[in-house]
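Participant: Quick one: sequence plus predicted model below, questions after.
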Amino acid sequence: MDKKGQMSADLIFVTLIAIVIMTGFVSFISNESQQNQTGNLGQARMQGENIAEAVNTVYTNGPGYTINLTIPSTPNLTANVNGSTHTVTVTCENQNMVVNLIPTNIESATLNSGSSYIITNNNGTIQISPNKSTTS
């Protein structure tokens, strides 16, 4: 009888250790996933700030000023410049980041990663168009 009781206690002890180890793995995987989401959000914020800086620079330098902007190749990254709300919304891996713009007269545009754009101040109206030039 004592051997059966000892075996039950050992089984409970081993099961408890296994549960603690599995909990540690779940916690580790959860932390890694959370860090990945934070990285994606930071990447979206950085691209939004770069686009906003380019648009604001074109606006503050006056009519005729132009900037060539290249969006780096980042998987699943798109940016929407919204003329009615005066914002840039960057989406990366289902994470959204909104950055405000200074100019109020902006033509809406969608910018994709890995593409190049020309941002122009056309008499106070900010226009964004794809850069079709192929010069490196």
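Facilitator: Right, received. Where do you want to start?

Participant: drop to CA atoms for contacts and neighbour counts, all remaining ones
Facilitator: Fine.

Participant: contacting residues around stretch 62-82?
Facilitator: 44, 47-48, 51, 54, 58-59, 87-93, 106-124, 131 (CA atoms under 8 Å, 6 or more residues apart in numbering).

Participant: try it again with 6 Å
Facilitator: The contact list for stretch 62-82 (CA atoms under 6 Å, 6 or more residues apart in numbering) reads 58, 87-93, 108-124.

Participant: List only those of the residues you listed flagged as buried.
Facilitator: 58, 87-92, 108-109, 111-113, 116-121, 124 (16 or more other CA atoms under 10 Å).

Participant: Which ones among the residues you listed map onto helices?
Facilitator: Applying DSSP state H to those, the entries found in helices are residue 58.

Participant: and the buried ones among the contacts of stretch 62-82, which of them are in strands?
Facilitator: 87-92, 109, 111-112, 116-121 (DSSP state E).

Participant: For those residues, work out which two are farthest apart.
Facilitator: Largest separation among these by CA to CA: 92 and 121, giving 27.7 Å.

Participant: Can you pull up the most central residue in the chain?
Facilitator: The centre of the chain sits closest to residue 44, judged by CA atoms, centre = their mean, with a distance of 2.4 Å.

Participant: Next, it: secondary structure please.
Facilitator: helix (DSSP: H, G, I helix; E, B strand; the rest coil).

Participant: what's the following helix or strand after the helix-or-strand element of the chain with minimal mean pLDDT?
Facilitator: When the helices and strands of the chain are scored by mean pLDDT, DSSP states H and E, helix 2-60 comes last with a mean of 79. Counting by DSSP states H and E, the next helix or strand C-terminal to helix 2-60 is strand 66-70.

Participant: State the mean pLDDT of that following strand.
Facilitator: On average, the pLDDT along strand 66-70 is 93.

Participant: List the buried residues in that strand.
Facilitator: 66, 69-70.

Participant: likewise stretch 120-136?
Facilitator: Those would be 120-121, 124-128, 130, for stretch 120-136 by 16+ other CA under 10 Å.
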